[in-house]
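**Student:** model this:
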Amino acid sequence: DLAQVMPRADIDPVLIERAYWLAPDEESAGEPFAVIREALGDRAAIGRLALHGREYLVAVVARGDGLLLYTLRRPREVRAMSGIDEMHWAEHAPARAEIDLARQLLDTLETDRSLDDYADQYEETLRALIARKVAGEEIVGRPEPAASPQKVVNLMDALRRSLDKAPGARSSPRGSSGGRSRRRARVLPHRTKSRAS
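**Tutor:** Next up is the predicted model:
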């Protein structure tokens, strides 16, 4: 049930939940399917879909020779940045030297590596443990390390150390850190509440 067409770029990525391929349900539907795909261009068709016993807000977009359907979260289900109290800690204008050093570090991470190269390390480790267990090996868990408070570090020193360890590391520029320090970023849920799937 499509009700609106909008520029694809206007869909905030934080609203995208899952992606599904759409395909013609029979050969005779192939031609109208292709017409819709070509007519959409760089736009998205917004509508509703009943799936798994509930109604979803969806966006249909053209991709290659097919159509892709995204199920969308409604904006009220996404936590507003203004509602994250800790965000005000980042209201700083970083020093140019810090930004330049961070960019240099990020530049060392640019590669031609494909996302296909990232294996599920948790699954691989779990399968290896199961295989060892099946083979009769006794599996003993390692004790959890005692939690220690996060240390506040000098950002420039931390960036330089990371850059020195990076693949293809070059000598890092030296400059005054201004005595500033930062904590690591916290990961916060972006949804306002959990929903049944």
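**Student:** in the chain, where is pLDDT below threshold?
**Tutor:** Applying pLDDT under 70 to the chain flags the ranges 145-153, 167-197.
**Student:** can you give me the strands in it?
**Tutor:** Counting by DSSP state E, the chain has strands at residues 2-7, 16-22, 43-51, 54-63, 66-72, 153-154, 181-182.
**Student:** buried ones in the fourth one?
**Tutor:** The reference is to strand 54-63. Y56, L57, V58, A59, V60, V61, A62 (16 or more other C-beta atoms under 10 Å). Backbone N, C-alpha and C define where each C-beta goes, glycine included.
**Student:** go on, the third one?
**Tutor:** With burial defined by 16+ other C-beta under 10 Å, the residues of strand 43-51 counted as buried are R43, A44, A45, I46, G47.
**Student:** show me what contacts R43?
**Tutor:** V5, M6, P7, R8, V61 (C-beta atoms under 8 Å, 6 or more residues apart in numbering).
**Student:** kindly recompute the last result at 6 Å.
**Tutor:** V5, P7, R8 (C-beta atoms under 6 Å, 6 or more residues apart in numbering).
**Student:** can you add distance to G83 and give the strands of the chain back as TSV?
**Tutor:** Converted to TSV, the strands of the chain look like this (distance: least, C-beta to C-beta, whole Å):
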stretch	distance to G83
strand 2-7	26
strand 16-22	20
strand 43-51	25
strand 54-63	21
strand 66-72	20
strand 153-154	28
strand 181-182	22
